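In: A structural model of the following input is requested.
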Amino acid sequence: MKLFILILLFLVTPFACAHEVAITFDDLPCPQDLSIEDQQFISESILEALKNFGAPAIGFVNEGNLYDKGGTEEKIAILKRWIEYGHSLGNHTYSHPYLSQSKAEDFQEDVLKGAKISKKLMQDAGFSYKYFRHPYLDTGSTKEIRAPFETFLKKENYTIAPVTIDTDDWKFNQKLTENPENKEKIITEYLAHTQAKFAFYRAASEKIFGRNIRHIWLLHANLINAYAMEDLLKIARELEYNFIILDHAMEDEAYSEPDNCYIPYGVSWLYRWDDTRGKVIDWSKDPELN
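Out: Numbers count the residues shown, from 1 in each chain. This is a model prediction of the structure:
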């Protein structure tokens with residue numbers, strides 16, 4: 001009987017102790033001023049890595065990028081590839097403006113304009129199109145800015161896609177772009193930084209909620225992730241994270257927590273919830289990249 005119980009515990013424990021994270025990518029089809037061939041390479045590299053790890057993802061699209069410097073049909077084809085691989089698309093606005101620095105009507109128009117292609121692609125594939133991601137994670141620096149915009153989103157049947165894990169990939173990507181000769185060194189630093197950030201956010205979650213919530217990881221469709229995606233996913237797996245769809249992550253009751261944090265720059269929702277509750281986390285310990 002004791003042997004049976006030990007075997008049962010061995011079988012159940014890995015699943016019971018597993019953590020969960022939804023993977024999200026901003027700025028599709030590609031945020032950089034790159035050739036179509038480079039954008040295709042970035043997308044295909046990321047998609048193949050996700051496939052190899054059985055990891056679902058959602059890509060948030062800036063549709064203005066589809067028309068910038070031509071190649072519109074090829075860029076739309078990149079979005080189609082994400083759907084063909086079984087991933088979702090969401091709205092990241094047309095031109096990636098700051099909410100807090102925009103006129104309300106202009107920002108709302110940018111959101112509507114940013115859904116014309118992506119929404120149709122999703123619907124044509126039989127998928128729902130419902131998530132919105134704030135550019136720069138700027139959710140509004142005042143209640144007077146945020147409240148009307150969130151009313152607008154509800155009217156348009158959008159759900160806000162929060163972020164709890166931000167591993168600063170865009171900063172490392174900038175370093176890589178400026179110093180391509182240091183590629184291996186920069187990628188190594190990025191991977192170590194990612195491990196440190198995962199550890200910090202897990203500890204923050206456990207202190208705020210008494211548990212590790214279902215996380216939402218912010219990444220970008222950029223060159224460093226094209227090179228490092230396999231290793232990034234391996235790190236998450238080694239940290240005992242299962243990869244889940246955004247819908248499942250959003251079912252965590254943590255995402256119904258009030259957010260009364262009004263600041264003009266983007267931060268993790270863990271910071272927002274902690275700020276709303278009265279601060280129990282020492283955010284100076286957040287391993288930010290200088």
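In: and the end-to-end length of stretch 267-282?
Out: 14 Å (CA to CA, to the nearest Å).
In: would you agree E206 falls within a helix?
Out: Yes. Secondary structure of E206 (DSSP: H, G, I helix; E, B strand; the rest coil): part of a helix.
In: ok, now how distant is the residue nearest to G71 when sequence neighbours are not counted from I208?
Out: Closest residue to G71 apart from its sequence neighbours, by CB to CB, 6 or more residues apart in numbering: I36 at 4.4 Å. The way it works is simple: take the backbone N, C-alpha and C, and place the C-beta from them, glycine included. Using CB to CB, to the nearest Å, I36 is found at 44 Å from I208.
In: could you do G71 as well?
Out: 44 Å.
In: what's the answer for F172, then?
Out: In terms of CB to CB, F172 sits 27 Å off from I208.
In: those two: which has the busier surroundings?
Out: F172 (23 against 19; other CB atoms under 10 Å).
In: which residue sits closest to that one, ignoring its sequence neighbours?
Out: Per CB to CB, 6+ apart, closest to F172 is Y190, 4.2 Å.
In: which stretches in the stretch 101-250 of the chain count as strands?
Out: Remark: strands assigned in the stretch 101-250 of the chain by DSSP state E, counting those that start in this stretch are 131-132, 159-160, 165-166, 215-220, 241-244.
In: wait, which of these is closest to E288?
Out: strand 165-166 (9.6 Å; CB to CB).
In: the stretch 51-200 of the chain: helices as residue ranges?
Out: 72-84, 104-113, 116-124, 143-155, 169-178, 183-209 (DSSP state H, counting those that start in this stretch).
In: just the mean pLDDT for the longest one, thanks.
Out: Regarding helix 183-209, the rounded mean pLDDT is 98.
In: okay, the angle between it and strand 215-220?
Out: 150 degrees (axes from the mean of the first three to the mean of the last three CA atoms, to 10 degrees).
In: again with the third one
Out: Between the axis of helix 116-124 and that of strand 215-220 there is an angle of 130 degrees, by the same axes, to 10 degrees.
In: what's the burial count for E288?
Out: Around E288 there are 13 other residues, counting by other CB under 10 Å.
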